[in-house]
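>>> Got a predicted structure here, sequence first:
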Amino acid sequence: DPPQYGGHQLQSRIVVNTSLKAIESVLQRVLGGTGSGRMTSERDGSPGRILVVEDDLVTARFLTQILSVRGGFDVTHTADPAIALKLASSETWDLVLTDVEMPGMTGIDLLEALRRVAPEPPVAVMTAHATLDYAVGALRNSADEFLQKPVKPDHLLATVSALVAKGRAARLARRQSVLA
């Protein structure tokens, strides 16, 4: 059977040594079309910035393609939660989207650390192995959303768009209260 993700059938096999460009090409054919317009930030006209933390390369490319091509977001991906923490503490993000099960640090541990170093951006946690323990852990650490993989592209885009808007509104409100 051909591999599938989120109800989308991939038309070619993806092997370990396949280049990122080949994966992007397959995902482009699966997703089809072009972006539906770019979301811009309230300050500089740049697209919404999303940090994706995902150790599975195929899933990361799928998410990146959906969010950047169809959603118009500026997406940065890292497979390493430690790098994600450095990026989150040194740059402004509109959303952090993280997997739960990763080597070295779980997404729940990352969420907890993110809230200490960069409390502003909304954080969505994703997993293919949803359990009550994961959901409770995510909620205890102030996750803004808990998504179960495979996530459908339309649901992902709707959720991400709402979280980016929520994060920007909160950041704008804090900025205005500081100026007042």
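That came in fine, so what should we check first?
>>> which residues sit in contact with residue 87?
51, 76, 78, 93 (Cβ atoms under 8 Å, 6 or more residues apart in numbering). Where C-beta positions appear, they are placed from N, C-alpha and C, glycine not excepted.
>>> would the first one count as being in a strand?
Spelled out, it's residue 51. Yes. Looking at residue 51 with DSSP: H, G, I helix; E, B strand; the rest coil, it is inside a strand.
>>> That one contacts residue 73, doesn't it?
No. Counting by Cβ atoms under 8 Å, residue 51 sits too far from residue 73 to count as a contact (10.6 Å).
>>> before we move on, the earlier item: quick check: of the contacts of residue 87, which lies closest to residue 126?
Among the contacts of residue 87, residue 51 lies closest to residue 126 (Cβ to Cβ), at 13.1 Å.
>>> who are the neighbours in contact with the closest one?
Listed by Cβ under 8 Å, 6+ apart, the contact partners of residue 51 are 76-78, 84, 87-88, 93, 95-97, 121.
>>> now the strands: where do they sit in this protein?
Assigned by DSSP state E, the chain shows strands spanning 4-5, 8-9, 49-53, 74-78, 95-99, 123-127, 145-148.
>>> most packed of those strands?
strand 95-99 (a mean of 27; mean count of other Cβ atoms under 10 Å).
>>> quick one: contacts of that one?
Contacts of strand 95-99 with the rest of the structure, by Cβ under 8 Å, 6+ apart, involve 48-56, 59, 63, 81, 84, 88, 107, 110-111, 114, 118, 121-127, 160, 163-164, 167.
>>> Out of the contacts of residue 51, which comes closest to residue 67?
Nearest member of those to residue 67, counting by Cβ to Cβ, is residue 97, at 8.0 Å.
>>> okay if I get the strands of the chain as JSON lines plus mean pLDDT and distance to residue 177?
Output for these, formatted as JSON lines (pLDDT from 0 to 100; distance: least, Cβ to Cβ, whole Å):
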{"stretch": "strand 4-5", "mean pLDDT": "48", "distance to residue 177": "42"}
{"stretch": "strand 8-9", "mean pLDDT": "46", "distance to residue 177": "44"}
{"stretch": "strand 49-53", "mean pLDDT": "96", "distance to residue 177": "23"}
{"stretch": "strand 74-78", "mean pLDDT": "97", "distance to residue 177": "27"}
{"stretch": "strand 95-99", "mean pLDDT": "96", "distance to residue 177": "22"}
{"stretch": "strand 123-127", "mean pLDDT": "92", "distance to residue 177": "22"}
{"stretch": "strand 145-148", "mean pLDDT": "88", "distance to residue 177": "25"}
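>>> Sounds good, over and out.
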